[in-house]
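Enquirer: I would like the atomic coordinates for the input below:
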Amino acid sequence: MFKFFKKHPPKEGEDREKLKKDLFDYQKCADHGFPSKPSAFAYDPILQLMAIGTKSGGVRVYGAPGVLFSGMHKEDVSVTNLFFLPEEGRLVSVCSDNTLHLWEINLRSGNSVLEEVKEFSMENNKMKTISTCCLTSDSQNLLLGTEGGNIHILNIPSFTLADQIIYQDIVMQNVPDDFKVSPGAVEAVAVHPTNSDKFLIGYNRGLIVLWDNKENKTEQTYNATQQLESLAWNRNGEEFFSAHADGSYITWDAKESAEPKEAPVTPYGPFPCKAINKLQWKSSKGGRFVIFSGGMPRASYGDRHTITVMQGDDNHVVFDFTSRVVDFFVLCKSDETDTTDTRSAYDEPTALMVLVEEEFVMIDLETTDWPALRLPYLHSVHSSAITCAQHVLNVPDQLWQKLIDAGDAQCKNFSTREWPITGGKNLAKEPATKDLLITGHEDGTVRFWDASGTTLRLLYRLATSPIFCIPDHAGEPANGEEEEWPPFRKVGTFDPYSDDPRLAIQKTWLCPLSETLVVAGTAGQVLVLQMEREPRTQELQAHTINIVSDRDNFVWKGHEALTPTTGDMRFAAGYQPTCIMQLYPPAACTALALHSEWQLVAAGTAHGFGLFDYAQKKQVTFRCTLNVGDMTGTSDTAMSRRKSLKKSLRESFRRLRKGRSERRRQEPPKDKTATQHIEQTATEVAQDAAAATQETATQAASAVVAQAQSAVASATGAAAAEATRPVERMVEARSADDSMASMVRSLYFADTFIVNGGTNSPSLWVGTNGGHVYVYSLTVPPSDKRSTDEVGCVLAKEIKLKHHAPVISIAVIDSKNRVLPEALEVSNERAKAPDMEGQHSVIICSEEQLKAFTLPALKPRWKNKITAVDGSRLRRVNFVSFRSKTGDNYSEFDIASLNNLGELGVYSVMSLRRQMLSPALRKEDINGIASFVFTKDGQGFYLQSPSEFCHVSLSASNASTPVAMVELKEGMRPEPQEPVVEVTPPSPIQEEGQVPGEAGEGSEAGGEVTAYDTSDITTGLNDSQANDSRVDTSAADITIDSVRDHVAENNQTTTMITTDTTVVTVTAPSPLPPDVTVENGEAEEQIPETNGPATNGTNGTDEPSSPVDEIVDKLQEAMLAAAAGDDPALLKQKLMGDAKSTITTTVQEAI
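Expert: Got it, this is the predicted structure:
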């Protein structure tokens, strides 16, 4: 017993429960990055808002930096079209299931939110499937073209279909006989720029008609010989373009339909070209702009994703993207200045917004050469696949400014214009600290993001590929006539290809106080870099650490190490490498640690680890963690340590049989619950007592009572003992020959007590995948001898966990339960100095448990068996500081964790007890769980898609959520239609205690007043339920389960359920202890009509027995029956056998 209490810390009291609410609170903060799988795009030129719809049903609205509104469709649908209602703050979405949804940006508690307010569903068949849409210029109607060739009209104010349908047959009646062929589906609709009653209807096979909706007739007919793709009006409404599937476009005169105004133009002919998917025609004083997507020569550049911009005869650029073009919009000055009364003479384009599948690009059309603009949001964070991430809190201002300056120097080819989309107001507070999110990528780049606020902004990009001899596969030089035409220009940052997979970044570590950065890659390369303001030229050398040098027969079968570039190299301002540590074998780095004050860096792989002194640029120590039998290794597959497949299968079956036999021996008798055991025992005893003779009834009854009491006592004691014993799952110990046990999973530097309790010294802690912890004692020379004296390293202690679980994190805490501060934090007044007088403890976090050991003796202190109790395994762990939201400056260190079920948890550093557990991710989201990174203040980031980070918070005091508002002009949004409500005249005020239907006012039902006798309350209730469907009818069927549920929830005599009407349903049978009685006075207050005047014509004569007495009798009878032996059959007979056992009455609610 004493051993049991010794393993468990004291229980937490009520004060701790209150404190938990002030410290911990899970909430989702914001989404950062680029929406996954975009499918629709819209823009409001007046409010300057843009919207993106996705294939997963999401809708995002963006404005000025920090202005973001998100919505999600209820069904699992794809958004096919989006339309802003200009200046109204409303949005219409068209989905793949033929439904339309109306969204509004509404103000809620000082913050604007995106809400779905209306929905309309069209019949989803082949003929009525929506093929194209177009919003009229007055924003009153949405024209819906269908696959059947008809056009339906959706009235926006009512959000219902108008009675008018433009049938294809009616359109074809006025078409000349030469054109009367099946035109196909409606491919495009374009509303006249000056007359909203007229619009072009383009059919799939090339037929175009100008429809006058006011006159309901065809005004002009135009016939193109090629399949139609898109239509675009000129600004004056006198001409229009038609784009076709053969890569050509045609100019038409709106009043002349016999022949095109100009011959068809194929910009990249004469060879066959791909279709022009969308075309825009914009006017300008410098010449007309023709902008279209697609149209590339099919044989030569059919795989390119392009948008062509042509202005006059001189300016011609083909913008080349690396992913498919979803949609584009052209920003014009006229869209912002035009009114219903005045219109500008020219469109004057200013910018081109392009949405492609993997990124968003803005092209400046006002600046010479049309450069791209820098994005304040919607960054393609996955421009190269993200392989790792690190969050750095509270970056010093000096380092922050250096990062900004270095990033600005990398963006000289971008436009200097301000971001043109400025809709809404960002109401979020200025961040108190400057925080960085550092991402490592597959192509060897490291990106620094501003993660201080609600948006993610790129500050600086570091490329490591120039440090190594990597062939440049960017492309061949542009020479020859074929490369000169078309005039391609690469835009965007998304590049899914990597020059060499060995460049991929696996781990990063930034010390913001010393401005030192360490980057580890896939080929065992570890780069130490330092921030510099000026460019510098230097020569780099790689310092190799052979981890397996003591294994003579080891053979490496993986990839070779990267070769550093020889000779002097010039590095731009920013992070510049100072030295390279190359681990051999060149396997991927699995763990990394930096201590900038000691100038030491440790890196681990699947074979062991190495400790490197980057001040003197030489190795300190290394250790191979492989077993003696491991003489081979590869980088792609797990290292095999089995002698043969036959032996492996034999051992697997042996473990399987052994586990089954042990479980059979340990399984208790299959009793469902202690309650059932008591019931069965009492029933058997009651049956034995019934078989006794009448002479010995008294003795048998006493025996029954004694035996039942003993059975109850024994079962209760067993249940109590079972409740106090922790419920654990059987977790089988891993074999020491586990194929990945040698992998180093965690590295940790700490200045603590290793050898004895009186002297602290630097130490290095190494945790492996097999539950093995190595503790090294370090000797670091003082600063004045740091460049000459060597760093000493001696193996001091070892810890082997019982179940060989992977060690994923280690931390040392002082006697005040504070985690030891990181390097230079105390000297820079960023943290309090640790307590070196009291005892230190080390917390080792494995995937299966948390365990604390005292230092330096390494005696077990506390332990939390997570896998054995919960069945989950920890995947991510970090020691974070939580601050109370009440403002009393209270803070504490805790352990934040994420398990394989996607649950975020918090565990106390002091007792290892769980403080909070909240579901956050789907357990199937393996990539999201693997990419999760905690911050030091209780927040977290993870990849919810390859292109988007999700920001969450576990802290009640730290949560950066977007707060924004969109202001609308008064009268811009139409007033909502008030629903018609039939108002029933109120009945005269009734006297207190008077039941509806009694003598007096009565209830109007066909002009008759229905009166009920007090002895027939059930009949009145049935009639009331027939007339009012809102009355609770749960009392109609009472079963054993429902009785038990009621007892568990509310142990009261009567249960009063009040509905919207003045009817109260009183359900009598609620089992109580036999000594509980109901006073007549209380019953009279609850049911006042029982002693009131009679309504059955008895002239006020009292009934022999009141309903209250009957209720009490039935209650006592039911309670005695339940308490006699808890026989389920007897209880059911007592409750259900008699039709009058359940008494239900209807009374008037007290006013």
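
Enquirer: check which helix or strand covers Phe609.
Expert: Using DSSP states H and E, Phe609 sits in strand 608-613.

Enquirer: show me the strands paired with the next helix or strand after that strand, marking each as parallel or antiparallel.
Expert: The element immediately downstream of strand 608-613 (helix or strand, assigned by DSSP H and E) is strand 618-624. If you go by DSSP bridges, strand 618-624 pairs up with strand 608-613 (antiparallel).

Enquirer: give the buried residues for the strand it pairs with.
Expert: Using 16 or more other CB atoms under 10 Å as the test for burial, strand 608-613 gives Gly608, Phe609, Gly610, Leu611, Phe612, Asp613. C-beta coordinates here come from the backbone N, C-alpha and C atoms, glycine included.

Enquirer: with stretch 115-124 instead?
Expert: Going by neighbour count (16+ other CB under 10 Å), the buried part of stretch 115-124 is Glu116, Phe120, Met122.

Enquirer: how far off centre is it?
Expert: For stretch 115-124, the separation from the chain centroid amounts to 26 Å (computed by CA atoms, centre = their mean, to the nearest Å).

Enquirer: can you list contacts of that stretch?
Expert: The contact list for stretch 115-124 (CB atoms under 8 Å, 6 or more residues apart in numbering) reads 71, 73-74, 97-106, 128, 130, 144, 152, 154, 159-161.

Enquirer: just the buried ones from these?
Expert: Neighbour counting with 16+ other CB under 10 Å marks 71, 73, 97-106, 130, 144, 152, 154, 159, 161 as buried within the contacts of stretch 115-124.

Enquirer: on that earlier part again, so of the contacts of stretch 115-124, which ones are in strands?
Expert: Members of the contacts of stretch 115-124 lying in strands (criterion: DSSP state E): 71, 99-106, 130, 144, 152, 154, 160-161.

Enquirer: farthest-apart pair in those, please.
Expert: The largest separation in those, counting by CB to CB, is between Asn106 and His152 at 28.1 Å.

Enquirer: Ser196: how many residues sit nearby?
Expert: Number of residues near Ser196 (other CB atoms under 10 Å) recorded here: 17.

Enquirer: residues in contact with it?
Expert: Contacts of Ser196 by CB under 8 Å, 6+ apart are Thr136, Ser137, Asp138.

Enquirer: run the chain-centre distance for the strand holding Phe609.
Expert: Worked out by CA atoms, centre = their mean, strand 608-613 lies 37 Å from the chain centre.

Enquirer: quick check: mean pLDDT across it?
Expert: Mean pLDDT, strand 608-613: 97.

Enquirer: also stretch 111-122?
Expert: Rounded mean pLDDT across stretch 111-122 is 95.

Enquirer: would you mind writing the CA trace of it as PDB?
Expert: Extracted as PDB, the C-alpha positions of stretch 111-122 are listed here (Å, rounded to 0.1, in the frame of the first residue of the first chain):
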ATOM      1  CA  ASN A 111     -16.000  41.700 -35.300                       C
ATOM      2  CA  SER A 112     -17.200  41.000 -38.800                       C
ATOM      3  CA  VAL A 113     -17.900  37.300 -39.700                       C
ATOM      4  CA  LEU A 114     -18.800  35.500 -42.900                       C
ATOM      5  CA  GLU A 115     -22.200  33.800 -42.500                       C
ATOM      6  CA  GLU A 116     -24.400  31.700 -44.800                       C
ATOM      7  CA  VAL A 117     -27.900  33.200 -44.800                       C
ATOM      8  CA  LYS A 118     -29.700  31.600 -47.700                       C
ATOM      9  CA  GLU A 119     -29.600  28.500 -49.900                       C
ATOM     10  CA  PHE A 120     -31.300  27.400 -53.000                       C
ATOM     11  CA  SER A 121     -31.100  24.000 -54.700                       C
ATOM     12  CA  MET A 122     -31.800  23.400 -58.300                       C
END
